[in-house]
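J.: fold the following and give me the result.
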Amino acid sequence: MSKAASEPHFQIFRKTDARELMESGIMSILPYTPIQAKGVKAVKEASAVPGSKTKVLFNIPGFSLLHAWFKAGYPLALHSHDSDCLYYIVAGSLRLGTEELGPQEGFFIPANVPYSYTPGPKGVEVLEFRHATSFHFNVLAKGEAFWERAAKTVAAHSEDWTAAKMPSETPV
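T.: Model prediction:
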């Protein structure tokens with residue numbers, strides 16, 4: 001490969017070209033424990049309506065940008081990634097520990113640090129910036145109680161999620 005071919009160059013990305021995260025192949029999910037596998041299955045069976053949507057906006061060597069939308073009530077499991085990530089809130093809000101964060105705010109999570117957050121009442125849209133073109137998703141929620149609550153939460157929100165609009169598309 002020539003030096004010129006490997007150097008970064010000007011690029012434009014468009015939302016119409018964005019690929020679904022799981023179709024893109026840039027995120028791999030580490031193997032589940034038997035309890036996690038049973039829980040994930042129960043959550044998927046609780047509703048045919050997804051509570052989140054993530055797209056890969058941009059992915060070049062050494063850099064990726066994702067747009068994630070988590071609908072109100074989405075039970076994001078405690079997890080970690082094997083790469084640092086900077087999160088920027090585009091619209092909506094979230095609770096991270098005791099902190100409430102909204103538009104034009106964000107947070108940084110170093111690689112392999114466990115975390116979770118709760119989407120606000122209108123859901124949340126975040127941009128995820130990484131200096132990586134691929135990463136692992138390691139689910140750390142181990143107890144049956146979390147998965148039982150998650151399945152009930154998903155079932156309870158299914159109807160709302162069907163009609164949900166992204167916070168950036170709804171009037172204030």
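J.: can you give me the helices for this protein?
T.: Assigned by DSSP state H, the chain shows helices spanning 3-6, 21-24, 34-46, 144-163.
J.: next one, pLDDT for the residue nearest the centre of the chain please.
T.: Nearest to the geometric centre of the chain sits residue 68, at 4.9 Å (CA atoms, centre = their mean). Turning to residue 68, the model gives it a pLDDT of 97.
J.: test my guess that it contacts residue 50.
T.: No - counting by CB atoms under 8 Å, residue 68 does not reach residue 50; the two are 11.8 Å apart. For glycine as for every other residue, the C-beta is placed from the backbone atoms N, C-alpha and C.
J.: let me have the helices of the chain in JSON lines, extended by mean pLDDT, distance to residue 75 and mean neighbour count.
T.: As requested, the helices of the chain are exported to JSON lines (pLDDT from 0 to 100; distance: least, CB to CB, whole Å; neighbours: other CB atoms under 10 Å):
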{"stretch": "helix 3-6", "mean pLDDT": "58", "distance to residue 75": "42", "mean neighbour count": "7"}
{"stretch": "helix 21-24", "mean pLDDT": "93", "distance to residue 75": "18", "mean neighbour count": "14"}
{"stretch": "helix 34-46", "mean pLDDT": "95", "distance to residue 75": "7", "mean neighbour count": "16"}
{"stretch": "helix 144-163", "mean pLDDT": "95", "distance to residue 75": "4", "mean neighbour count": "15"}
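J.: for residue 104, which of the ones you listed is the nearest?
T.: helix 21-24 (23.6 Å; CB to CB).
J.: with that, I have no additional questions.
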